[in-house]
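Student: give me a 3D structure for the following:
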Amino acid sequence: MISGIHVALKNAIDVIAPPATPLQDFTYHWKQLMNFYVNHLNDCKVPIQSTGIPRHLERLLEILLEEEKEGNDPGPCLEYLLQHKLLDLLASLATAETPPGMRVVCLSFLRKLLGRSKYPLLHHTSIYAPIQRLIALCNGNSPSPIETEEIQFLLTLCFLVCKYPHVTNIINDVPMMHRPSSSSRPNSGRLEKVTYVPTRKKNTSNPLFEPLNTQAIALVNPNLLNSENNRRKSVCSNLTCVKIDLPRNSSMRSNASTSSKDTENVSQSSSPLTQNAYCDSSSVAMNLPDSQSPNITDKLCDELDGPAVEVEPCLQSMKELRLTEDCNGCEKSNSMETDNAHSLLIPSRMPARSKCLLLEALMSYVNSADNTVRVRACEGIMVLASLEDPTFVQMVTQSDLASIVTSRLVNLFNSIPAHVDPNEVDVVDVTWGLDSPLWTKEKKFPGCRQVAAFYMWFDYCNQLIREASTDVADVLAKHIRMNFFERIVTPALADHQVILVTALITKCLKELASSALCTEVSYWLVGHNRHPEIPNVCTSPVLYRLINNCFTDSDELTVETLKLFEEIIDKRNEHTLHCLVLMYLTNRGYYDNTAADSAITSWSDEEDEREREKKSTVDLSYEQSHSRTLAPSNIHRIVNCFLSLVPRYLQTDPDINSYERCMVVLEKQYSSVLRDCFLMAWPLEAVTHDDSASSDSRPEADHGATRFYMGPFITMLFDKVCNMPKQRYEINLQLTVVISKLTLLPHPYLHEFTLNPLLPLVPGTKSLFTCLQKVVKQLVNEIPKTPDSKQKLKETRERLLDDCIHDVEKENTLLESVRDSGEKLDCDKGCTDILQHYAHIRHVQAEQAEETAANEKIFQSLISASNAWNLKITKCSLQKERVCLFLERPSIIKAAINAVIEQGSSFGRCTPLHENIYLTFHSDEQSELTTARLRLIKNVSERILDLQGYLVCKETCCCPVVLTSKSHGEAPEHCNRYICGVVKNSQTNTKETMLTWSKYMSIKIDAITELNEHKYLDVDKQNTHDNSFLRNMAEATIAFELLSIKPSRAVFINVHTSGDRSCTNTKGAPFILYNTARIAAIIEKYNKGTSNGEYPNLTEVKEVDFSVLNDEDEWELVYNFIVGYSQVIENGIRHKPILQICPQVVCMFLSRLTQKFSIYYRRIKILTEGYKHLHTQLIARIYMLKALQIVLQNALAILDIKSISRM
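Tutor: Predicted coordinates:
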């Protein structure tokens, strides 16, 4: 009955006083906002927090957004906003900072309006003019407390520009020129109603840079610009233009924006407007309709319209408003608008230096002290650099972007301390985003923060060049080569810090991923010349400097330089390999054509057949024809040459030098190299180019006219090989690695020259085999002079492999060389990495023969027993009182993925234990959030217990467990108390008692909404506007926040969203859900590709060859997060002997899984091109992603978090 009376009363009130329309409500709040300036003409220093301006602006935004939901057409409130150019006045107030804090409020209002509106508004005259003024206010060169809001505003504009490419030139202030129309009528002061938008080609597959493919965008309402000129003239005639008179103590940023930027806008418009548009927008302070304007406008106009004696005080008072209104007369503006009414706007020829407002504003934050601000600025720069508009691309290439990016790289490089240990550089693993906090906040080693900062910025340069358009990428890469590598790094290779510099550059090459930057680095290393050099003539200073560094007295420098050469070979850049090695060998100048026929045919009985096929075209398909150079029929003779090189009495263990043990590893390595070098179109056979003429017709003098030169790099390697008996073990080991990786390259001339000892060589030519012969000859002569050499050889081998401590004798270098020579021969003839060989060598102590035999017997039984396990063991070893197990990776990967795919959502469930358990919790009367945490811990614990096989009772059973936040008080009878920490306020360090669950949910929803606005704008409309999506995200964020801390400890929360980074860090729920959606998107794209034939169909999981998953990150993903998922469930709750609840284990598992996958996703292109030879690897990786997706969904279900498929 009461409700009926309430409805009747409301209806009666509506009849007597109808509710205000949205337009009336909108104008009311705008007038209330303006009333502040009318009432505070003499006192505008009031902080904005104490005024009603933020509340009125928030209400204006709500009205605009609610109006959009009601229909598809623009409503009267939006028309009013645009027609009366309210944003121009807001921009003026933001410029003047009146009252203090107005700039932040205006930036926030515009950011939310543009980001949440479903209409493309940026191209409208009443929008982009104030936007340009606000962009000019954002300047990160001087520190500011509001730079977070400024960068969010700029980043929102960046993503809108990416979404609507047709506004690129408008927002970025591209110079425009007018072309007179064929007809011009005096009373047609209207702009074109349709803005043409050319189709933009997609730059990259990254959805972050995927624009809309639209052809035309209509203005919001054709009538919005048809303002009534009579009313405009009447209002303008009654308003006095107030020019800014800034106090001397005004900030530099405000002064710059009002003096320089406004002058530019008045002198020459850079958007599809004439000059009067800006003047029109900035001169009208309050242009309200007569019917809806009470006495606010009239009051202000009356105060300004009077005798000169009375106007002066008002003008002096208005100066306190600091309003920038520079108008040369409304009459003149209207006449200018009429003259240019129908002019068409076309881009003019770009000047030498073009203004690019948005890009320049973002670049000013690159050196910000706030890491989050800097990262957001980098995101915006990357978005703008990826745009394909030709005019804008030309602007970016002529801007200071390349200079600023390179300057920061140089500064960070120079800031690295000289005392940094070069051996620590390689362990630094960072990315340019916000997911590398350990290296920037913790001190791993002296100087680690400076090193991490340098590599974070280098990674950003790398990613920026990858995502940028072709022209921009080329400019950036060339600038980095010239101003960083050539001007900074090249001189550093000759100073006292050369060891550290070499280690830093080696790490840079390892992290290099963009093709443009890789090409420029190759030019820096080996130059542009692709023709063979003359001996002792330097044409590539960097290469010669590196080679000279290998011959210095510093062993550490030699090792680091050889590591750099190893990385250069690993990059497999065609230009680098050609200039480094191949250009000296392709003419086959090492081959002795004058040798007897028997000598020529002795090393290959298929030489005649090769000569007949030398002119055949190269087969570019993956399944190439058989190469007789890479695999001659007498391969066994070549292998025996290497095997017989070291005498038997110098070999400590004959079985070690058996190359068959390395064939499994060799096959994988060589297959990987073949894939990388597939597109280089190297020849299949090594043939002499001028052997068409008979040997009788060629003068003998011709063969000796040009002496073969193998190039400085190979010469250096062979010299170091010859000097092995006098070098340290570390140098010989690294030298072996470099030669091994070089000989892995499938180039016929390189393979023939380095690995065929039966090849007839030109007299005086060194080869790898002859160098090794020389080394062995020295060893054979010196070893017998050493007493008890056999035993000392064995001890030296054990010391080097197992870090045993022995007395260093003077002949140790010689003994080390013996071992290096033997293992080097095994590596060279097998073309494999010596480190792979070491991984399969077990430590055996000579003096512990009996114990070793017993251990070996135990290990063999363990290996045999593991054949029935899921984790099969291939080898065991005892190292420093630790048992090391070598697992069979392919079988483990296959078994793990098969189990996940087959079991699905039940993966990880244990066998039922038939034990009952009951959990409950006691609410915290003071803190609603603490109660919510207790409820979450109880629900998660029940799910984990269910997975462990326990029977979770719904009613009280024996020995129930009560979760409570009270450490005192009597527990219920026969109950076990489990005390949990409370939820505390991080600022007051006390229990949070004022904040409710619903209020905290609203705070999180607002934070996620803002995150979507400036980072994830290009998402589905259902995600942007769906309240259920935002609510699920907020619930997931809070749940993860409350559960990621050990239950016995208190949880500290930050109520203020400005300091709350739970929505942006790499350990929170949004980051986990984002990577879950990323996996789902990859699988969805693959499924679509299979339907149109782009990708192959999935085979049965049991038939998939998972041995192709040989990347280290792939092994970690499978072993740590698929195989290790059952361990997470086991550790989630330990019921015996005492109860331990650990939901944070699941949270940590999810964080680490998504972090590892994020790193893997950045390195590996999962959906490769549909080449036939890549199908096996593609299918294996898709199944791995499906398994990871199931594990993620199961783990999220434990926390009651719903996984998403798109974000």
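
Student: could you measure from Leu684 over to Phe678?
Tutor: Leu684 sits 13 Å away from Phe678, going by Cβ to Cβ, to the nearest Å. Using the backbone N, CA and C atoms, a C-beta is placed for each residue, glycine as well.

Student: which of these two has more residues huddled nearby?
Tutor: More neighbours surround Leu684 than the other of Leu684 and Phe678, with 20 against 17 (other Cβ atoms under 10 Å).

Student: that one in helix, strand or coil?
Tutor: The three-state label given to Leu684 by DSSP: H, G, I helix; E, B strand; the rest coil is coil.

Student: and it, how far is that from Asn867?
Tutor: In this structure, Leu684 and Asn867 are 42 Å apart, going by Cβ to Cβ.

Student: with Met1001 instead?
Tutor: According to Cβ to Cβ, Met1001 stands 54 Å off from Asn867.

Student: neighbour-wise, which of the two wins?
Tutor: Applying other Cβ under 10 Å to Met1001 and Asn867 shows that Met1001 carries more neighbours, namely 16 against 10.

Student: pretty sure Thr391 is in a strand, no?
Tutor: No - Thr391 is assigned helix when assessed by three-state DSSP, not a strand.

Student: right, and Glu1084 touches Ser1205 too?
Tutor: Yes - assessed by Cβ atoms under 8 Å, Glu1084 is found in contact with Ser1205 at 7.3 Å.

Student: which SS state does Thr874 fall under?
Tutor: At Thr874 the chain is in strand, as set by three-state DSSP.

Student: what is the burial count for it?
Tutor: 13.

Student: test my guess that it contacts Leu887.
Tutor: Yes - with contact defined as Cβ under 8 Å, Thr874 reaches Leu887; the gap is 6.9 Å.

Student: and the next helix or strand past the strand or helix carrying Leu1150?
Tutor: Assessed by DSSP states H and E, Leu1150 sits inside helix 1144-1163. Following helix 1144-1163 in sequence order, the next helix or strand is helix 1175-1198 (DSSP H and E).

Student: for Leu1098, list the residues it contacts.
Tutor: Neighbouring residues of Leu1098 by Cβ atoms under 8 Å, 6 or more residues apart in numbering: Thr1090, Ile1179, Ile1182, Tyr1183.

Student: same thing but 6 Å
Tutor: Neighbouring residues of Leu1098 by Cβ atoms under 6 Å, 6 or more residues apart in numbering: Ile1179.

Student: and it, how close does it get to Gly904?
Tutor: 16 Å.

Student: again, but for Asn72
Tutor: Separation of Asn72 from Gly904 (Cβ to Cβ): 42 Å.

Student: those two: which is more packed in?
Tutor: Between Asn72 and Gly904, counted using other Cβ under 10 Å, Gly904 has the larger neighbour count: 11 against 7.

Student: check the secondary structure at the more buried one for me.
Tutor: What three-state DSSP gives for Gly904 is helix.

Student: likewise for Tyr670?
Tutor: Classification of Tyr670 by three-state DSSP places it in helix.

Student: tally of neighbours for the spatially closest residue to it that is not a sequence neighbour?
Tutor: Once flanking residues are discounted, Tyr670 sits nearest to Leu744: 6.2 Å by Cβ to Cβ, 6 or more residues apart in numbering. Using other Cβ under 10 Å, the number of residues around Leu744 comes to 22.

Student: same question for Ala94.
Tutor: 24.

Student: where's it relative to Ile48, distance?
Tutor: Distance, Ala94 to Ile48, by Cβ to Cβ: 11 Å.

Student: now do the shared contacts for these two.
Tutor: Shared contacts of Ala94 and Ile48, defined by Cβ under 6 Å, 6+ apart, are found at Met102.

Student: I figured Val1146 was touching Ile1198, is that so?
Tutor: Yes - at 5.4 Å, Val1146 counts as touching Ile1198 under the criterion of Cβ atoms under 6 Å.

Student: hang on, His29 packs against Arg55?
Tutor: No - using Cβ under 6 Å, His29 makes no contact with Arg55, being 8.5 Å away.

Student: where do the helices of the stretch 851-1000 of the chain begin and end?
Tutor: Assignment of helices within the stretch 851-1000 of the chain using DSSP state H, counting those that start in this stretch yields the ranges 889-903, 928-948, 997-1014.

Student: over to the stretch 1-150 of the chain?
Tutor: Assigned by DSSP H, counting those that start in this stretch, the helices in the stretch 1-150 of the chain fall at 2-16, 22-39, 53-70, 76-83, 86-96, 102-116, 125-137, 147-163.

Student: identify whichever of those lies nearest to Leu963.
Tutor: Leu963 sits nearest to helix 147-163 of all the helices of the stretch 1-150 of the chain, at 38.5 Å, using Cβ to Cβ.

Student: could you check the angle that closest one makes with helix 125-137?
Tutor: Helix 147-163 runs at 130 degrees relative to helix 125-137, counting by axes from the mean of the first three to the mean of the last three Cα atoms, to 10 degrees.

Student: and the angle from helix 147-163 to helix 102-116?
Tutor: Using the same axes, to 10 degrees: helix 147-163 against helix 102-116 is 30 degrees.

Student: give the next helix or strand downstream of helix 147-163.
Tutor: Using DSSP H and E, the helix or strand that follows helix 147-163 in sequence is helix 168-171.

Student: fine by me, we can end here.
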